[in-house]
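No letters, just coordinates:
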């Protein structure tokens, strides 16, 4: 299935690095893409990017997706030249073995390897041990003196992976949350002369506690906020249907809850009504664990009505995150249609 959207831009967004607090490279791409679509573009002191399209009413709506990806920060380089790291965001250390990484230094990027010793060289205790991020050693292929000269404490590390179309899915690293960042850029391209003022926000530091959204919610104090993020799709072998959360190919997901937020029933009803009127495929999301920027906008700037649109994604927080192209298209369609339908003055009080 050939996607109807700009796969080159999506690839650039997903493959560009940007860990929490150091979103510089991805921020440059976002600014470049949003600037021609908005009336005003600005960046705050945390690094959040906000592109604003002015509307004719007094209502302000924020649409947000986060820029940061999970990664690492260098904490030590051993005398033998191996790099030890501290996690930035939630990693399952089991997926890190035998991965290729990029170490971002002041003098340029270095490729490194997270090795995995041959299993026949390990004893039973070593084979049964649960790996931890603290156990990771990155092999730069350099001697100790050279490695210590080129890599410093505080340098950043991201996993290295290309973005590809596999069947009806797009897969790669950092779909969380670059595929939603892509969706708000695409929606910004479609929105023309809205009734409400729309702030298209690319937030920072979501992966370490929705910090950028909290600050932005306070600063913007919107009348309505819609956050976009990926969500769990456990529609794979080993899970019962009740544990799937969402399923690939069944449409965009309207979030009802996660562990950080219960979204506004009135906002949810409007999202569903727009989806049905526009014949956009959707599913409802009840996520048992995990948080999103939605919570940052709901309560840190006061009691703000919030909704959330999610893209079902398999294998979250790995380098093989996978989303169905039709679900991505449905997400863009629903967001753009919802924003065009919002006229201001809607009563979201409960």
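Here it is on my side, so go on. What you see is a predicted model, and the numbers here were worked out from it, not measured in a lab. Numbers count the residues shown, from 1 in each chain.

Quick check: closest non-adjacent residue to the residue most central in space within the chain.
Central residue of the chain (C-alpha atoms, centre = their mean): residue 177, 1.4 Å from the mean position. Once flanking residues are discounted, residue 177 sits nearest to residue 66: 4.7 Å by C-beta to C-beta, 6 or more residues apart in numbering. Where C-beta positions appear, they are placed from N, C-alpha and C, glycine not excepted.

Over to residue 176?
Residue 176 sits nearest to residue 230 (C-beta to C-beta, 6+ apart), 4.7 Å away.

okay but that neighbour is in contact with residue 309, surely?
No: assessed by C-beta atoms under 8 Å, residue 230 is found out of contact with residue 309, at 10.6 Å.

quick revisit: tell me the SS of the residue nearest to the centre of the chain?
Counting by DSSP: H, G, I helix; E, B strand; the rest coil, the backbone at residue 177 sits in helix.

Looks like it contacts residue 64 (just checking).
No: between residue 177 and residue 64 there is no contact under C-beta under 8 Å: 9.6 Å.

okay, and the common contacts of these two?
Shared contacts of residue 177 and residue 64 (C-beta atoms under 8 Å, 6 or more residues apart in numbering): residue 228.

need the contact list for the residue nearest to residue 177.
Counted by C-beta under 8 Å, 6+ apart, residue 66 has contacts 177, 180-181, 202-207, 212-213, 229, 293.

Surely residue 164 touches residue 172?
Yes: in this structure, residue 164 is within contact of residue 172 by C-beta under 8 Å, at 6.5 Å.

Looking at these two, which is more packed in?
The residue with more neighbours, out of residue 164 and residue 172, is residue 172; 23 against 13, by other C-beta atoms under 10 Å.

so what's the more buried one scoring on pLDDT?
Looking at residue 172, its pLDDT is 95.

Nearest residue to it in space, ignoring adjacent ones along the chain?
residue 163 (3.3 Å).

Repeat that for residue 229.
residue 292 (4.4 Å).

Thought residue 207 was touching the one you found, still the case?
No: applying C-beta under 8 Å, one finds residue 292 not in contact with residue 207, separated by 10.6 Å.

Got phi/psi on residue 19?
phi -90, psi 170 (degrees, to the nearest 10).

So that it lines up with my notes, have the first residue be 34 from now on.
Let's use 34 as the start, then, which means that last one is residue 52.

The residue lying closest to it once chain neighbours are set aside: what's it in contact with?
Of all residues not flanking residue 52 in the chain, residue 104 sits nearest, at 3.5 Å (C-beta to C-beta, 6+ apart). Taking C-beta under 8 Å, 6+ apart, we find residue 104 in contact with 50, 52-53, 121-122, 189-192.

hmm, which two among those are most spread apart?
Distances among those were taken as C-beta to C-beta; the most separated pair is 53 and 192, at 14.5 Å.

Who has more neighbours out of these two?
residue 53 (24 against 21).

Could you pull up the residues touching that one?
Listed by C-beta under 8 Å, 6+ apart, the contact set of residue 53 reads 101, 103-104, 121-122, 237-241, 244.

Also residue 307?
313, 367, 370-371, 374.

By neighbour count, which of these wins?
residue 367 (26 neighbours).

any idea which helix or strand carries it?
helix 358-374 (DSSP states H and E).

And the average pLDDT for that helix is what?
97.

Which elements pack onto it?
strand 93-99, strand 202-205, helix 208-223, strand 257-265, strand 285-290, helix 298-310, strand 339-346 (3 or more C-beta pairs under 8 Å, 6 or more residues apart in numbering; DSSP states H and E).

That one to strand 339-346, inter-axis angle?
160 degrees (axes from the mean of the first three to the mean of the last three C-alpha atoms, to 10 degrees).

Can you check the pLDDT for residue 91?
Confidence score, pLDDT, at residue 91: 89.

Give me the neighbour count for residue 355.
22.

Distance of the residue nearest to residue 168 when sequence neighbours are not counted relative to residue 201?
Using C-beta to C-beta, 6+ apart and skipping residues adjacent in sequence, the residue nearest residue 168 is residue 126, 7.0 Å away. Remark: distance between residue 126 and residue 201 (C-beta to C-beta, to the nearest Å) = 31 Å.

repeat for residue 333
Taking C-beta to C-beta, one finds residue 333 at 38 Å from residue 201.

How about residue 90?
Residue 90 is 40 Å from residue 201, by C-beta to C-beta.

Check residue 165 too.
Distance from residue 165 to residue 201, by C-beta to C-beta: 36 Å.

who has more neighbours, those two?
Just comparing residue 165 and residue 201: by other C-beta under 10 Å the higher neighbour count belongs to residue 201, 16 against 12.

Could you verify my assumption that that one touches residue 361?
No: taking C-beta under 8 Å as the definition, residue 201 is not a contact partner of residue 361, at 10.7 Å.
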